[in-house]
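Asker: Sequence unavailable; structure follows:
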């Protein structure tokens, strides 16, 4: 497909652009192609790659805008009509048109619409290029983390284990204490690296659409099994309630395990000892919801809007979390959770009160609402 971004494809059963206006626009570098109906539009869009389409509503087919966007979502569409009303303009926008131009129009009106439309297309293309560049940077960064950081960190951790085990000679008490602190910081750094890699894997899984019908009960069972030891260390009881004959959902098995394991791990980490984490599932109209609650330290109200942001950590939670679990969070766990939920067409809510506890509710579409 040849790059001809200054081409304007005019779909109209009459040559509506005045001659003088046509000449002015041509001098500015715009090229025009007329077609009287929608029969050849798709092949012309592929052939010409227009930057803008002037579409007369009188000859527009019902799904022509959708078909054009399937070829190039950055094409700007301006709908024209001899019977212009506010309602017809709104309807055109709902179908995907960027602007609306009532007939008959003046040369200056047309030039303004084309100029603004082309500016918008350039911005859309630049945004797309930036998005693609950002994706490449992230992929390269993940590759660097994997090969240049993780392997040496694992090696250093193993050397520290050898020293702490006394295999290189007996350690003095102070030396052992210093090495234990080094090991703890190193483990935090490794967990940060691993969560970065997890995020990249999750994006890859969801982007490829490896989805299937899944019984949510099995997902929750497996997730709870993975955090049982963590819960037992704090004497936390994991309560679980899912109704019989619960609806099937559609999702990626590994991604959903990662989602709920993260939520459970947080619920345990920031919970009080000898308390409980409860799981309740509900069958809603088009969605199923899973509500996971703890009796822990809670999240301050001002922190709630940001908890799904990458690397965000509430300072008060960070301190209390270290006191209760000896662990410091990386600030990526809930960001990963949000990405997985979004990729499944669902959403997640959080309710929390300081020193009372937190409830996360995950909403996921039923299989019959997708297929």
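Answerer: Cool, got the structure. This one's a predicted model, so the numbers in the text were calculated from it and none came from an experiment. Numbering: from 1, shown residues only.
Asker: a strand runs through residue 143, doesn't it?
Answerer: No. Secondary structure of residue 143 (DSSP: H, G, I helix; E, B strand; the rest coil): helix, not part of a strand.
Asker: How many neighbouring residues does it have?
Answerer: Residue 143 is surrounded by 11 other residues when neighbours are defined as other CB atoms under 10 Å. For every residue, glycine as well, the C-beta is placed using N, CA and C.
Asker: Look up how far residue 170 lies from it.
Answerer: 41 Å (CB to CB, to the nearest Å).
Asker: same check, this time on residue 283
Answerer: According to CB to CB, residue 283 stands 62 Å off from residue 170.
Asker: Pick out whichever of the two has more residues nearby.
Answerer: The residue with the greater number of neighbours, taking residue 283 and residue 170 and applying other CB under 10 Å, is residue 283; the counts read 13 against 7.
Asker: So residue 72 is in contact with residue 49, correct?
Answerer: Yes. With contact defined as CB atoms under 8 Å, residue 72 reaches residue 49; the gap is 6.8 Å.
Asker: mind giving me the domain split of the protein?
Answerer: As assigned by automatic domain parsing, the chain contains the domains 7-105, 211-371.
Asker: Looking at these, which is nearest to residue 151?
Answerer: Checking those against residue 151 by CB to CB gives domain 211-371 as the closest, at 19.1 Å.
Asker: Let me know the average pLDDT across the closest one.
Answerer: For domain 211-371, the mean pLDDT works out to 86.
Asker: and if you look at stretch 12-27?
Answerer: Here the mean pLDDT over stretch 12-27 is 78, rounded to a whole number.
Asker: Share the number of residues neighbouring residue 41, please.
Answerer: As a burial measure, the neighbour count of residue 41 was computed by other CB under 10 Å and equals 21.
Asker: so who does it touch?
Answerer: The contact partners of residue 41, by CB atoms under 8 Å, 6 or more residues apart in numbering, come to 9, 11, 35, 64, 67, 68.
Asker: Of those, which pair is most distant in space?
Answerer: Greatest spatial distance among these (CB to CB): 35 and 67, at 14.0 Å.
Asker: Can you add distance to residue 164 and give the domains of the chain back as TSV?
Answerer: Below are the domains of the chain laid out as TSV (distance: least, CB to CB, whole Å):
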stretch	distance to residue 164
domain 7-105	57
domain 211-371	17
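Asker: between those, which one is nearest to residue 200?
Answerer: Proximity to residue 200 (CB to CB) singles out domain 211-371 among the domains of the chain, at 10.2 Å.
Asker: Could you look up the SS state of residue 25?
Answerer: Residue 25 carries the three-state label helix when classified by three-state DSSP.
Asker: Could you report the separation of it from residue 132?
Answerer: Applying CB to CB, the value for residue 25 to residue 132 is 31 Å.
Asker: and what of residue 348?
Answerer: Remark: distance between residue 348 and residue 132 (CB to CB) = 28 Å.
Asker: And those two? Which one has more around it.
Answerer: Here residue 348 and residue 132 are set side by side on neighbour count (other CB under 10 Å), and the busier one is residue 348, at 20 against 10.
Asker: host element of that one?
Answerer: Mapping residue 348 onto the secondary structure by DSSP states H and E places it in strand 347-353.
Asker: now swap in residue 266 and tell me
Answerer: Per DSSP H and E: helix 253-269 holds residue 266.
Asker: Remind me what that helix packs against, helices and strands.
Answerer: Under the contact criterion of 3 or more CB pairs under 8 Å, 6 or more residues apart in numbering; DSSP states H and E, the helices and strands touching helix 253-269 comprise helix 173-208, strand 212-214, helix 216-233, strand 276-283, strand 287-294, helix 315-325, helix 333-343, strand 357-365.
Asker: what's the distance between the helix or strand that the third one is followed by and the middle of its chain?
Answerer: Okay, so that is helix 216-233. With elements assigned by DSSP H and E, the helix or strand that comes after helix 216-233 is strand 237-241. The gap between where strand 237-241 is centred and where its chain is centred comes out at 30 Å by CA atoms, centre = their mean, to the nearest Å.
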